[in-house]
Structure formats: structure tokens, C-alpha cells
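Asker: below are the sequence and a predicted model for it; my questions follow.
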Amino acid sequence: MVLKRVDYDDSQHVNYAKGRRMPPEALARWMARFAEHLPERRPLAVVDLGCGVGRLTPALADTFGGPVWGVEPSARMREIAEATASHPAVRYREGEGARIPLPDDSADAVLMFLSIHHVPDRAAAAVEIARVLKPGGRVLVRSPFSDRMNGGWWQRFFPRALEIERQMFPTLAEVTGVFEAVGLKTIALEVVNETYAANATEAAAKLRLRAISTFEHMTEAEIEEGFARMDAHVAAHPDDHPDTGESELLVMG
Ligand SMILES: C[S@@+](CC[C@H](N)C(=O)[O-])C[C@H]1O[C@@H](n2cnc3c(N)ncnc32)[C@H](O)[C@@H]1O
């Protein structure tokens with residue numbers, strides 16, 4: 001199965017902010033997680049590569065001081081970031097993994113939060129990331145890896161979802177390999193336990209917004225059948241505690 005490229009300008013931008021909203025506690029947990037792998041001095045300059053609507057970008061500036069550059073190829077996602085996630089230390093810029101609009105040695109850290117699987121040329125992106133990183137800088141990659149996924153709460157309702165996601169996401173070795181090729185080494189690999197929503201009812205409502213690119217690779221019939229299965233499950237188990245499935249934080253430097 002060859003998956004089409006998902007362009008966030010087409011439809012994903014419409015519901016992304018609402019469908020993928022991260023509660024402040026979750027955001028704070030992520031910032032603490034990143035801080036464990038970065039120097040204590042402040043300020044730190046950070047690139048949020050594939051920043052989308054700026055879900056994490058202002059929090060990165062609050063935590064690390066900045067400047068923080070939110071680099072994003074989708075004009076629609078960037079417009080939403082500029083309108084709803086502004087911060088004095090944040091600048092949003094057009095760019096992508098293999099084309100970061102910054103000089104050499106600019107950043108203490110480059111974060112790729114659920115964006116590396118969208119980068120078509122990951123080897124070129126690793127070269128570009130290494131170029132903009134200061135000596136001793138860190139790459140933080142938050143992603144599922146296709147060889148380490150078993151599926152999450154919602155995937156049980158959509159029989160092809162896991163197969164699609166195994167195609168969408170790179171393997172761990174593929175990602176470490178492209179960064180090793182530019183001289184970076186694995187520093188940490190941590191499993192992330194993230195709650196998708198407080199309960200099944202809330203999770204189902206978020207999922208219905210389809211703000212997950214997996215849906216872009218399914219037929220309308222498959223999606224509707226999956227939602228029907230999900231609704232039946234939620235009616236029977238309204239207090240289920242859904243998690244997102246396996247996701248990991250890879251730190252390289
Ligand atoms: C799942 S969203 C994640 C956005 C943000 N990091 C977050 O967690 O909310 C994936 C983002 O990657 C962006 N993207 C697509 N192709 C990319 C590329 N080649 N380089 C960097 N980002 C890319 C998409 O436009 C989209 O905004």
C-alpha cells in the first residue's frame with residue numbers, strides 16, 4: 001500500500017486545533033520532559049519543526065525563553081498559529097524539514113512533534129537539522145515508530161488503522177539512521193504515556209473531528225463504520241479511559 005502525501009492545507013487544518021487540543025497539564029508534562037534533556041541555562045533557542053497550529057510553540061518559549069521558531073509548510077496551519085498562538089518570543093516561518101529558514105548554528109534544540117512522518121526526504125532533513133543546531137544541540141523527536149506500535153484505544157474500531165499507521169510512520173532504525181549519518185547519537189528513548197481524553201465520550205467527540213491524518217487514507221464507508229462501532233462501545237463503556245497508543249520520545253545529539 002502506497003499512501004498519498006497528506007497536505008494540511010487541504011482539510012486537516014480545519015479541525016486540528018479543536019480535535020488535537022492538549023490540556024495545560026499535558027503541555028506542562030511535555031515541557032518538563034523536554035527540559036530533562038536540555039541544558040539548564042536560559043534562554044535556549046528552539047525550532048518547533050512542523051509546528052502546525054502552534055500547539056506547543058508558545059509553551060516552548062515560556063519554558064526555554066526563546067527565540068522559538070515555528071517552522072511549518074502548510075500556509076493554513078501557519079495562519080492559525082499566527083492568529084491563535086502568538087508569543088513575543090515566537091516567530092512562525094514558512095519552511096519544512098529539509099528547508100529550515102535559519103542560519104547555521106542557530107538552535108539549542110529542534111523539536112519534531114508528530115511531524116517527522118510527514119517529511120518526505122528525512123535524510124535531507126537530518127542534514128538540515130544538523131546544520132541549524134548549535135554544537136551540543138539536541139533533536140527531540142516525538143513519534144510512534146512503525147516497528148514498535150500495537151495500536152491505541154480508537155484503532156480497534158477501524159480495522160485498517162494500524163496497518164495504515166505502520167505505513168505512515170518510519171521505523172526507529174530509519175530515524176536514528178538518518179541522524180547518525182550526520183554525526184548525532186541516540187541519547188534517550190522514552191515511552192510516553194499520554195491520555196487522549198478524560199473519558200471515552202470526550203475521546204469519541206474529538207475523534208469525530210477527524211483531526212488525525214490516518215483518516216485521510218480511509219474510505220468514507222470505512223470511517224462511518226468505524227464511528228458506528230465506536231459509538232456502540234462508548235454507549236456501553238462511557239467511562240473508559242482512552243490512551244493514545246504507543247508513542248515515544250527519541251532524543252539525539
Ligand atoms: C500532526 S501535525 C503536528 C503539528 C504540531 N507539531 C503539533 O503537535 O500539534 C503534522 C505537521 O507536520 C507538518 N508537515 C508536513 N510536511 C512537513 C515537512 N516536510 N516538514 C515539516 N513539517 C511538515 C504538517 O503540515 C503538520 O502541520
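Answerer: Perfect, I can see it now.
Asker: ranges for the strands of the chain?
Answerer: Here the chain has its strands, by DSSP state E, at 44-49, 65-72, 90-94, 107-113, 133-143, 186-192, 247-252.
Asker: can I get these in a markdown table with distance to the ligand, mean neighbour count and mean pLDDT?
Answerer: No exception for glycine: its C-beta is placed from N, CA and C like everyone else's. Shown next, in a markdown table, are the strands of the chain (distance: least, Cβ to the nearest ligand atom, whole Å; neighbours: other Cβ atoms under 10 Å; pLDDT from 0 to 100):
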| stretch | distance to the ligand | mean neighbour count | mean pLDDT |
| --- | --- | --- | --- |
| strand 44-49 | 6 | 27 | 98 |
| strand 65-72 | 5 | 24 | 98 |
| strand 90-94 | 11 | 18 | 98 |
| strand 107-113 | 4 | 24 | 98 |
| strand 133-143 | 8 | 20 | 97 |
| strand 186-192 | 13 | 14 | 93 |
| strand 247-252 | 11 | 21 | 92 |
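Asker: how about those strands in CSV, adding distance to residue 24?
Answerer: Listed next are the strands of the chain as CSV, based on distance: least, Cβ to Cβ, whole Å:
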stretch, distance to residue 24
strand 44-49, 18
strand 65-72, 18
strand 90-94, 17
strand 107-113, 16
strand 133-143, 18
strand 186-192, 17
strand 247-252, 19
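Asker: out of those strands, which comes closest to residue 82?
Answerer: Smallest distance to residue 82 across those (Cβ to Cβ): 5.4 Å, for strand 90-94.
Asker: which helices and strands sit right next to the closest one?
Answerer: With contacts taken as 3 or more Cβ pairs under 8 Å, 6 or more residues apart in numbering; DSSP states H and E, strand 90-94 sits against helix 57-64, strand 65-72, helix 75-84.
Asker: the residue of the stretch 51-200 of the chain at minimum distance from the ligand: what's it in contact with?
Answerer: Closest residue of the stretch 51-200 of the chain to the ligand, Cβ to the nearest ligand atom: residue 52 (2.7 Å). Neighbour list for residue 52: 8, 16, 72, 74, 77, 81, 115 [criterion: Cβ atoms under 8 Å, 6 or more residues apart in numbering].
Asker: please see if stretch 175-185 touches the ligand.
Answerer: No - using Cβ under 6 Å from any ligand atom, stretch 175-185 never reaches the ligand; the gap is at least 13.3 Å.
Asker: need the distance between the two termini of that stretch.
Answerer: 11 Å (Cα to Cα, to the nearest Å).
Asker: run through who's touching that stretch.
Answerer: Identification of contacts with stretch 175-185 by Cβ under 8 Å, 6+ apart yields 116, 122-123, 125-127, 129-130, 139, 141, 143, 145, 186, 250, 252-253.
Asker: mean confidence score for that stretch?
Answerer: The pLDDT scores in stretch 175-185 average 98.
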